[in-house]
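Enquirer: how would this look folded up:
(one chain, ligands or ions: 1)
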Amino acid sequence: MSRPQEADFHHLTGDNGLCLATMGTFVDAKPERDITEPDLQFLKSLKPHLSVSELKAHVLESFARGMNTGGVKYRCFQSLYHLLPAITDHYLYTSLVSRSQKGLFLDLGGGQGTDARKLIQDGWPAQHITISDVETFLWNVGLDLYEDGPKGPVQFIKANILDAADINSGGPLHNFLGATDVVYAQAVLHLFNKETVKAYATTAKALVKPGGLFIGANCTSDPPGAFGKREDSSGAPWLYTPAGFKAVLEEAGYVDVRIETSPFDDFIRRRGFGPTHWDVDISKLFGDSKRQLIWATWSATRPTSS
Ligand SMILES: C[S@@+](CC[C@H](N)C(=O)[O-])C[C@H]1O[C@@H](n2cnc3c(N)ncnc32)[C@H](O)[C@@H]1O
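Expert: Coordinates of the predicted model:
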């Protein structure tokens, strides 16, 4: 099939997101790596009627639609980061899904919604889960990939965590202030600069109810430093050391802050990525092969008295 023309896509790119209509296979929009059988495990659990080759074809078609509607901006999307849930790696995951009371769960920067779908599969009530993201693009990619209804299985709220107007009275996240049992930020905080990481942590704390949790995971580094070439007018995204990141959470007023670390490479392998292209990309990204990248998984509690 030939490459589609721009006119074929104009209806895909509006704020309502991807159209779920069947599209052709776009010949030159391929992921950065091969799809492995472990990559397909979660999708298979949601679509058990599809064979491995059908699942692979569906992933590739959905990927091509995403690439042709904005995916070129997202490195993680191009490496199929979203196919596997990441939340199951969190050391609190088993205890969270075993809770008898499963209150409001807010995934801040929830992307395609893979983790939210996993949570539902493991018993968290869908009506208690919300995904919020500054962009709708990745969420729409998730709708296209999972095909679980025009609006998906959970509420999606478009909001910028760094914009007070989106949090305060009348803003789209206003109802979550002080009301959320668990705020979750997976692979989000490495996108922010030194100051905006702090702002994110502080806003998340305002959303968590007293005694509630702020949890997540992201890349840190030793020594700390800017996140490669991604500098913009607001300053380069910054990777703290794990201890520096812990201090950010404590300074934001959280208690019981716990950080568990593992080599970034292990995280990549656990997720079924071929490490090769990441080895290459990381050295290019940081321009410093001596810098150690560390995956940090963390949890922090809003004090009951604040
Ligand atoms: C690397 S993706 C991770 C997505 C998802 N949590 C996952 O693990 O698959 C980072 C996400 O953070 C979102 N994000 C970035 N800045 C944000 C902001 N200021 N407010 C809300 N979301 C933001 C991005 O749009 C993107 O969906």
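Enquirer: got the domain boundaries for this protein?
Expert: The record assigns the chain these domain ranges, following automatic domain parsing: 6-81, 87-228+236-301.
Enquirer: centre of the chain to the last one, how far?
Expert: Averaged C-alpha coordinates place domain 87-228+236-301 at 6 Å from its chain's average position (C-alpha atoms, centre = their mean, to the nearest Å).
Enquirer: close to the ligand, is that domain?
Expert: Yes - contact check for domain 87-228+236-301 against the ligand, using C-beta under 6 Å from any ligand atom: residues in range are 109-111, 114, 133-135, 138, 160-162, 186-188, 191. For every residue, glycine as well, the C-beta is placed using N, CA and C.
Enquirer: can you map out the helices along the stretch 1-150 of the chain?
Expert: Secondary structure of the stretch 1-150 of the chain (DSSP state H, counting those that start in this stretch): helices located at 41-46, 52-67, 75-78, 93-97, 114-121, 137-146.
Enquirer: hey, least reliable of the domains of the chain by pLDDT?
Expert: Ranked by mean pLDDT, these end with domain 6-81 in last place, scoring a mean of 71.
Enquirer: what packs against the longest strand seen in the chain?
Expert: Counting residues, the longest strand found in the chain (DSSP state E) is strand 208-222. Using 3 or more C-beta pairs under 8 Å, 6 or more residues apart in numbering; DSSP states H and E as the contact test, the elements touching strand 208-222 are strand 180-186, helix 194-207, strand 238-239, helix 242-251, strand 292-301.
Enquirer: list the buried residues of stretch 183-199.
Expert: 183-194, 196-197 (16 or more other C-beta atoms under 10 Å).
Enquirer: swap in stretch 144-163?
Expert: Residues of stretch 144-163 classed as buried: 144-146, 148, 152-154, 156-157, 159-161 (neighbour count, 16+ other C-beta under 10 Å).
Enquirer: end to end, how far does stretch 236-245 reach?
Expert: Stretch 236-245 stretches 16 Å from its first residue to its last (C-alpha to C-alpha, to the nearest Å).
Enquirer: do stretch 175-193 as well
Expert: The first and final residues of stretch 175-193 sit 27 Å from each other (C-alpha to C-alpha).
Enquirer: check the residues of domain 87-228+236-301 next to the ligand and tell me the two furthest apart.
Expert: Taking C-beta to C-beta as the measure, the residues of domain 87-228+236-301 next to the ligand reach their widest spread between Thr114 and Leu162, a distance of 23.5 Å.
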